[in-house]
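1. Structure for the following, please:
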Amino acid sequence: MKTITIGIMPQDQIRSRMLAIARGEMKPKPSEPRIWFTSMRSLAEVLSDENRALLKVISSTHPDSIAELAMSTGRSPGNLSRTLKTMSNYGLVEMQPGALRKVRPVAKATEFRILTAS
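-> This next block holds a predicted model:
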């Protein structure tokens, strides 16, 4: 599984960077972060010990649904669904449609490289 690079930068700098990319004034390098957080605190909330353990369980067990993942982790499906939605919004988990209206969580990475703006 690949390592995802995550950046931490103030919101105004993230916005300026994205606008520069959209205008074609800047082209991000492949090694630059694709996922950005505004603070170490917000990163710590999303990549808590519990959530990193969840990513490892998803990666190793390849569950076919949130219900199956809930049984293997002991977490409630509602709590798990909210956590997975947040992680999906940041691109850490992909929610793939499955059979019978089920959604299959897929971990995009279990290792992270964190860069902070100076």
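2. What pLDDT is listed against the residue of the chain most remote from its centre?
-> Within the chain, the residue lying farthest from the chain centre (CA atoms, centre = their mean) is E25, at 27.2 Å. E25 is assigned a pLDDT of 95 by the prediction.
3. Phi and psi next, for the residue nearest the centre of the chain.
-> Centroid check for the chain by CA atoms, centre = their mean gives L92 as the closest residue, at 2.1 Å. Backbone torsions for L92, taken as degrees, to the nearest 10, come to phi -90, psi -20.
4. Look at it and report its pLDDT.
-> 94.
5. got it, and E32?
-> 91.
6. if we can go back for a sec, so the residue farthest from the centre of the chain: helix, strand or coil?
-> Three-state call for E25 (DSSP: H, G, I helix; E, B strand; the rest coil): coil.
7. State the distance from the residue nearest to the centre of the chain to P105.
-> 10 Å (CB to CB, to the nearest Å). C-beta coordinates here come from the backbone N, C-alpha and C atoms, glycine included.
8. coming back round to it: ok, now which ones touch the residue nearest to the centre of the chain?
-> Contact analysis of L92 by CB atoms under 8 Å, 6 or more residues apart in numbering lists 4, 35, 46-47, 55, 107-109.
9. who's in contact with the closest residue to S65 other than its chain neighbours?
-> Leaving aside its sequence neighbours, S65 sits nearest to K102 (CB to CB, 6 or more residues apart in numbering; 4.1 Å). Neighbouring residues of K102 by CB under 8 Å, 6+ apart: 64-67.
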